[in-house]
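Asker: sharing a sequence plus its predicted fold:
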Amino acid sequence: RERAIASSVDSVFESGCRDIKDEIGKPREKAAMVVLARNSELDGVLSSMKSLERHFNQWFNYPWVFLNDEEFTEEFKVEVGKIASGKTEFGIIPERKWHMPFEKDDPVTFAEAVEEQGDRGIMYGSMPAYHRMCRFYSGYFFEHELVQKYDWYWRVEPDVDFYCDITYDPFREMKLHNKKYGFTIMIKELINTVPNLFRYTLSFARENEMEFTDSWPLFAKSFGRVKGTNEKDYKDIKDMKQFWSRLQQRVPILDAVDWSTDSSGDDLSEYGFRSLVSAGNSASTDRSKIDMFNNMEYSLCHFWSNFEISRTDLFLSPEYKKYFDFLEKSGGFYMERWGDAPIHSLATGLFLSQSEMHYFRDIGYRHSTLEHCPLNSPFQRSYRESKNYTHGYTQKEERYWRKYDAPVANSRVGTGCRCRC
Ligand code: GDP
Ligand code: MN
């Protein structure tokens, strides 16, 4: 039962190979691949492009949009043009959207704040450019004229690999299934990069009297009633009451996702997204788990945004703009090292229902040391059958596979992933 429900909500668009001759005759969406990169990353960009062209775009010929905070070199433009099967477009990021206003207003404090994060060993914390990049991806890339004109974008980074042939148009399928945001890997964020992001997000939600969607439990975990607390302990209890009653109405399944397992470094797509989808739809109405004095904290779960296939207008909406402006004002883009991934993710938790999210479990993908390999790829299937499918997978992954009879993500690099059509 669980299985049937889960798959009716978010199943793969296609579990095998389609006849490419039929697919290329179908209409294209207004969509593009979007790549933010430096000139120095040309080799990595070419490598990613070759991979995606070979496995997908050679048939669909979507355009490539390149963005940079500096002018792209002639060499860069010429070389990417040789690989792209669709047209190429090059954009420069306006200075005020790349640099933070605070950098100019108070350069010493900015430099100190960033440097201090390096001292504390926060990943990428000491790199001003990394802070700028995260802020740009959080608040501005979709506003660029070269991106805004498209309904959909597929974010691509230098040095990533696509393993599987994608014989259908993901933009078109997302549209047909009313999907707004697609991911392929979900992991936990490093807490010291976002210590206050969730607090600000809750505060934004309260201030705007937001109704939470059924996807919120992906990102919020309750840590239970603190012994001895009572109403008086909560200063803003009026707001809290309102907040919780809204939350209860909309999300009777706050504990749908069991975040108690420490899975840092693992792909959480199966444990998080899938268990949410199935729990949410088995209509659990166990409200006893949520009481007013339960507190919430960030599950640290986020879609790994170096891969994204999404509607541009998700981020162009006035609500998202308001959220970003709220975050911007808080200073978290330089006082902390907020990534665009947790911000995009929390935004999907605020603004999208789970049925509008799509887990591209069929897209084999690698970025740095994490990869996702669909277990139902032709290669993996035969491998699994011959080897009892345990090799290279953790017991936890195997349990999920048995439970849901579903292709399970593999988050370790080097186990091999082949899936050509
Ligand atoms: P990681 O994936 O979190 O390790 O971060 P990356 O170094 O891959 O950066 C994420 C994306 O932003 C990649 O597409 C980079 O090419 C791009 N990027 C990062 N910093 C800069 C920068 O200073 N200028 C430009 N133009 N692109 C950048
Ligand atoms: Mn990267």
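Answerer: Received, thanks. Numbers count the residues shown, from 1 in each chain. Ligands and ions are numbered 1, 2, ... in the order given.

Asker: how about the strands in the chain?
Answerer: Assigned by DSSP state E, the chain shows strands spanning 31-36, 64-68, 88-92, 152-155, 160-162, 181-183, 186-188, 220-225, 294-298, 301-303, 308-311, 357-359, 365-367, 370-372.

Asker: worst average pLDDT in these?
Answerer: If you rank the strands of the chain by mean pLDDT, strand 220-225 sits at the bottom with a mean of 59.

Asker: still on that earlier bit, right, and the strands of the chain - which one's nearest ligand 2?
Answerer: strand 365-367 (5.8 Å; Cβ to the ion). Any C-beta I mention is one placed from the backbone N, CA and C, and that applies to glycine too.

Asker: does any part of the closest one sit near ligand 2?
Answerer: No. Against ligand 2, strand 365-367 shows no contacts by Cβ under 5 Å from the ion, the least distance being 5.8 Å.

Asker: that strand packs against which elements?
Answerer: If contacts are counted by 3 or more Cβ pairs under 8 Å, 6 or more residues apart in numbering; DSSP states H and E, strand 365-367 sits against strand 160-162, strand 370-372.

Asker: quick one, helices of the stretch 301-421 of the chain?
Answerer: Assigned by DSSP state H, counting those that start in this stretch, the stretch 301-421 of the chain shows helices spanning 313-316, 318-330, 332-335, 340-351, 378-387, 395-404.

Asker: flag every buried residue along the first one.
Answerer: Yep, that's helix 313-316 we're talking about. L314, F315 (16 or more other Cβ atoms under 10 Å).

Asker: repeat that for the longest one.
Answerer: For helix 318-330, the buried set under the neighbour-count rule, 16+ other Cβ under 10 Å, comprises Y320, Y323, F324, F326, L327, E328, S330.

Asker: relative to G364, which of those is nearest.
Answerer: Y320 (29.9 Å; Cβ to Cβ).

Asker: the residue nearest to that closest one when sequence neighbours are not counted: neighbouring residues, count only.
Answerer: Setting aside the residues directly before and after it, Y320 is nearest to A347 in space (Cβ to Cβ, 6 or more residues apart in numbering), at 5.8 Å. Other residues within reach of A347, judged by other Cβ atoms under 10 Å, total 22.

Asker: same question, the one 3 residues further on
Answerer: A count of neighbours around L350, defined by other Cβ under 10 Å, yields 21.

Asker: low-confidence ranges in the protein?
Answerer: 1-9, 212, 222-266, 270-272, 274-295, 375-421 (pLDDT under 70).

Asker: at the contact with ligand 1, which residues of it appear?
Answerer: Contact residues, the chain versus ligand 1 (Cβ under 6 Å from any ligand atom): L36, A37, R38, E41, N68, D69, A129, M133, E157, P158, N306.

Asker: try it again at 5 Å.
Answerer: Contact residues, the chain versus ligand 1 (Cβ under 5 Å from any ligand atom): L36, A37, R38, E41, N68, D69, A129, M133, E157.

Asker: most neighbours out of those residues, which is it?
Answerer: L36 (21 neighbours).

Asker: partner residues bridging V65?
Answerer: Taking DSSP bridges, one finds V34, E89 as the beta-bridge partners of V65.

Asker: that one against L146, yeah?
Answerer: Yes. Counting by Cβ atoms under 8 Å, V65 touches L146, with 4.8 Å between them.

Asker: quick one: which of those two has more around it?
Answerer: A count of neighbours by other Cβ under 10 Å puts V65 above the other of V65 and L146, at 24 against 17.

Asker: check contacts around the nearest residue in space to L146 that is not next to it in sequence.
Answerer: Spatial nearest neighbour of L146, excluding adjacent residues (Cβ to Cβ, 6+ apart): G91 at 4.3 Å. Applying Cβ atoms under 8 Å, 6 or more residues apart in numbering to G91 gives the contacts V65, F66, L67, N68, H144, E145, L146, V147.

Asker: swap in M335?
Answerer: A113 are the contacts of M335 under Cβ under 8 Å, 6+ apart.

Asker: equivalent analysis for W59, please.
Answerer: W59 neighbours (Cβ under 8 Å, 6+ apart): I20, E23, I24, T167.

Asker: for burial, what's the neighbour tally of the first one?
Answerer: This means I20. Neighbours around I20, by other Cβ under 10 Å: 15.

Asker: please begin residue numbering at 76 from this point
Answerer: Right, with 76 as the first residue, what we last looked at is I95.

Asker: surely F217 meets R386?
Answerer: No. At 9.5 Å, F217 does not count as touching R386 under the criterion of Cβ under 8 Å.

Asker: sorry, back to before: restricted to buried residues, select the contacts of W134 in PyMOL.
Answerer: In PyMOL, a selection of the buried entries from those looks like this (16+ other Cβ under 10 Å):
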select buried, resi 98+242
